[in-house]
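Engineer: The following block contains a protein sequence and its predicted model.
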Amino acid sequence: MRSIWNGAISFGLVSIPIKLVNATESHSISFRQVHSEDNGRIRYRKFCELEDREVTQSEIGKGYEDADGTIIPITDDDLSHLPIPTARTIEIVAFVPADRIDPLQMDAAYYLAASGAPAAKPYTLLREALKRSHKVAIAKYALRGRERLGMLRVVGDAIAMHGLLWPDEVRAPEGVAPDVDVTVRDKELDLADALMDTLGEVDLADLHDEYRTALEEVIAAKAAGEAPPETPEPARGGKVLDLMAALEKSVRAAKESRGEDAEVTPMPRRAAAKKTATAKKAPAKKTAAKKTAAAGKTGATRKTAAKKTAETTKGAAKKTTARKTAPRKRTA
């Protein structure tokens, strides 16, 4: 990959020579502007307004227009000698947890390649330090005429850098959210959860640009003198005004697309969970009732046995008393 910037990473007193290369590429199909009548290319020519003549690229430089219209020329040499440490250096200023970075700030992505053998050791040191700390490095650097903010993280065995927007470049979401009070019911959330579970996860490597594929088919057909393929008729569904019905229909369609049973369980998961919890508690109550009954039965048995024992003891006492009371016979 061709480098677009050469410099160094400043890591405390450690300097790591690196090359900056693009980490992404665009596969979008681009079009040329043409004259509709004869397909002639439309070209833009650059003219100098003072000399009224076309100029070549080698004659074009940079200039800053002042408030009064005066042009102040700025050369590449001027930009390379900016009085800031980030002119040719990616200066690491902090290490923070990755979740501290707002995804809204993420911009272009680059790979940082070690420049030469001497850079291998400090490059590897920084990479392993980032891995072990589970953090990302926040850095400043200058590119294309401006100072930028960047985030360094480990990707495989390489260090990648994401350009970040400055915090004041991210707009607050004012006036974006609905400004009316809306109540979402538990049943609606349950169906939304069911739809999310049905759709499941996806391997991002399996996703592709279907628009570009269709566009390539159109271009191939036109090049071969054939009629372009017709656009498939989109499936027409009934207009659903009820949110619950729409969610149930979505779950059913998602299940059908996966070849699963399309029946939507009417019982929400939260209600089902409550029912399960109640069912689990019921045996405990039943067992307690059994124990109470058994205890009562045992108590009754004990009372009956005690009563019988008392009656037996009382009877024995009466017999003993009768024996003692009976008069002794005298012999004549």
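Structural biologist: Great, that's in hand.
Engineer: which intervals of the stretch 201-332 of the chain have sub-threshold pLDDT?
Structural biologist: For the stretch 201-332 of the chain, the stretches with pLDDT under 70 are 234-241, 261-332.
Engineer: could you redo the last one with a cut-off of 50?
Structural biologist: In the predicted model of the stretch 201-332 of the chain, residues 267-268, 270-298, 300-303, 305-306, 308-310, 312-332 satisfy pLDDT under 50.
Engineer: Okay, strands next: where are they in the stretch 51-200 of the chain?
Structural biologist: Here the stretch 51-200 of the chain has its strands, by DSSP state E, counting those that start in this stretch, at 53-54, 62-65, 71-74, 89-97, 106-114, 135-143, 146-155, 158-164.
Engineer: Make a markdown table from the ones you listed and add mean pLDDT and distance to Glu226 to it.
Structural biologist: C-betas here are computed from N, CA, C, even on glycine. As requested, those are arranged in a markdown table below (pLDDT from 0 to 100; distance: least, C-beta to C-beta, whole Å):
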| stretch | mean pLDDT | distance to Glu226 |
| --- | --- | --- |
| strand 53-54 | 94 | 41 |
| strand 62-65 | 92 | 48 |
| strand 71-74 | 92 | 53 |
| strand 89-97 | 93 | 52 |
| strand 106-114 | 93 | 39 |
| strand 135-143 | 92 | 46 |
| strand 146-155 | 93 | 43 |
| strand 158-164 | 95 | 44 |
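Engineer: CSV for the ones you listed, including mean neighbour count?
Structural biologist: Supplementary listing: these in CSV, determined by neighbours: other C-beta atoms under 10 Å:
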stretch, mean neighbour count
strand 53-54, 9
strand 62-65, 11
strand 71-74, 10
strand 89-97, 15
strand 106-114, 18
strand 135-143, 20
strand 146-155, 17
strand 158-164, 19
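Engineer: Nearest to Leu20, out of those?
Structural biologist: strand 106-114 (5.1 Å; C-beta to C-beta).
Engineer: so what's the backbone phi/psi at Ser115?
Structural biologist: phi -100, psi 100 (degrees, to the nearest 10).
Engineer: re the thing from before, and of the strands of the stretch 51-200 of the chain, who's closest to Leu243?
Structural biologist: Minimum separation from Leu243 across the strands of the stretch 51-200 of the chain (C-beta to C-beta) falls at strand 106-114, 32.9 Å.
Engineer: circling back: the strands of the stretch 51-200 of the chain: which one's closest to Met1?
Structural biologist: strand 106-114 (7.3 Å).
Engineer: Could I get the CA-only coordinates of the closest one as CSV?
Structural biologist: Only the C-alpha atoms of strand 106-114 are listed here, as CSV (Å, rounded to 0.1, in the frame of the first residue of the first chain):
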residue,chain,number,x,y,z
MET,A,106,-14.9,8.7,14.2
ASP,A,107,-13.6,9.8,10.8
ALA,A,108,-11.2,8.3,8.2
ALA,A,109,-9.1,5.2,9.2
TYR,A,110,-5.4,4.6,8.5
TYR,A,111,-2.8,2.0,9.2
LEU,A,112,0.5,3.0,10.8
ALA,A,113,3.4,1.0,9.2
ALA,A,114,6.8,0.8,10.9
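Engineer: That one vs strand 158-164, what angle?
Structural biologist: 150 degrees (axes from the mean of the first three to the mean of the last three C-alpha atoms, to 10 degrees).
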